[in-house]
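> With the input below, show me the fold.
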Amino acid sequence: MPRKAQSESVSDLNAAPGGAAAVDRALSLLSAFRPGDDALTLAQFAERTQLYKSTVLRLLASLEHARLIRRQEDGRYALGMEVARLHALYAASFSLDIVVLPVLRELVAATGESAAYHVRQQQGESWARLCLYRIDSPHVVRDHVRAGDLLPADRGAGARVLIAFGPEAERPVDAKERQFYEAIRAQGYCALVGDRTAELAGISAPVFHADGRLAAAVTLTMPTHRYDERYIEPVRAAARRLDGMV
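Just a heads-up that it's a prediction; the model follows:
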């Protein structure tokens, strides 16, 4: 009888409801790869997944058979060619709006306020904040921004997030301003009232590419009289849902 693990594995802690435990464990091996890894040892897999080495070996055998993993001559394991094939299929069929818009719609449904997806738009030597996607609030009183509009690059919660989590070389040199952006980075979001215009409030959180680079900012905007700190967590959750998917 196999030994019972003293602590729960990564796959146990993140098990799919109604799913198969063996599949969850196999997928946890693929998820063990991190940016900069070219290959992993058996010990590294066991440490990162909290699975027994004997279990890891059996799962690796199945993944190797499916060409999702390949064993190198030095005994380490790298991602296999099937991963590249699936990535090519995904890239060919990927559409950003299919990923982003449902998340924005759910955020609007949860808060009743307008949600947008802001990205940096290069303009010569400088950059602007582009509203790439936008779902309007059902309220009559709201800010009127459309997808495709360029907004200030230095004002508003979305702009502040794009600065705080963007290239360090482009952050302000003024000590007080740097402290302001360091605080945004530390808390993981920006919530401001009256920053872009006196009548508006905004809450914004960063979205990251799989390699950790800033991708965009998810921003919720509302009239100042409807600002509610309880909206901070839904905005952060929406941004986290998009991490690594864009």
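> Where do the strands of this structure begin and end?
With strands called from DSSP state E, the chain shows them at 69-71, 77-79, 114-123, 126-135, 150-151, 190-193, 200-208, 214-223.
> Out of these, flag the one nearest Gln44.
The closest of the strands of the chain to Gln44 is strand 77-79. By Cβ to Cβ, the value is 9.0 Å. (Glycine included, C-beta is placed from N, CA and C.)
> So which elements touch that closest one?
Contacts defined by 3 or more Cβ pairs under 8 Å, 6 or more residues apart in numbering; DSSP states H and E place strand 77-79 against strand 69-71.
> What average pLDDT does the strand it packs on get?
Regarding strand 69-71, the rounded mean pLDDT is 96.
> Also stretch 141-150?
Averaged across stretch 141-150, pLDDT comes to 92.
> With stretch 43-63 instead?
95.
> Same check on stretch 110-122?
95.
> List every C-alpha atom in it, with coordinates, as PDB.
Coordinates of each C-alpha in stretch 110-122 appear next as PDB, following Å, rounded to 0.1, in the frame of the first residue of the first chain:
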ATOM      1  CA  ALA A 110     -20.400  42.200  -9.600                       C
ATOM      2  CA  THR A 111     -19.900  45.900  -9.000                       C
ATOM      3  CA  GLY A 112     -22.300  47.800 -11.300                       C
ATOM      4  CA  GLU A 113     -19.500  50.100 -12.400                       C
ATOM      5  CA  SER A 114     -17.600  50.500 -15.700                       C
ATOM      6  CA  ALA A 115     -14.600  48.200 -16.300                       C
ATOM      7  CA  ALA A 116     -11.700  48.700 -18.800                       C
ATOM      8  CA  TYR A 117      -8.500  47.000 -19.900                       C
ATOM      9  CA  HIS A 118      -5.700  49.600 -20.400                       C
ATOM     10  CA  VAL A 119      -2.400  49.100 -22.100                       C
ATOM     11  CA  ARG A 120       0.600  51.200 -22.900                       C
ATOM     12  CA  GLN A 121       0.600  52.700 -26.400                       C
ATOM     13  CA  GLN A 122       3.900  53.900 -27.600                       C
END
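> on that earlier part again, how about the strands of the chain, which one is nearest Arg236?
Among the strands of the chain, strand 200-208 sits nearest to Arg236 (Cβ to Cβ), with 4.6 Å.
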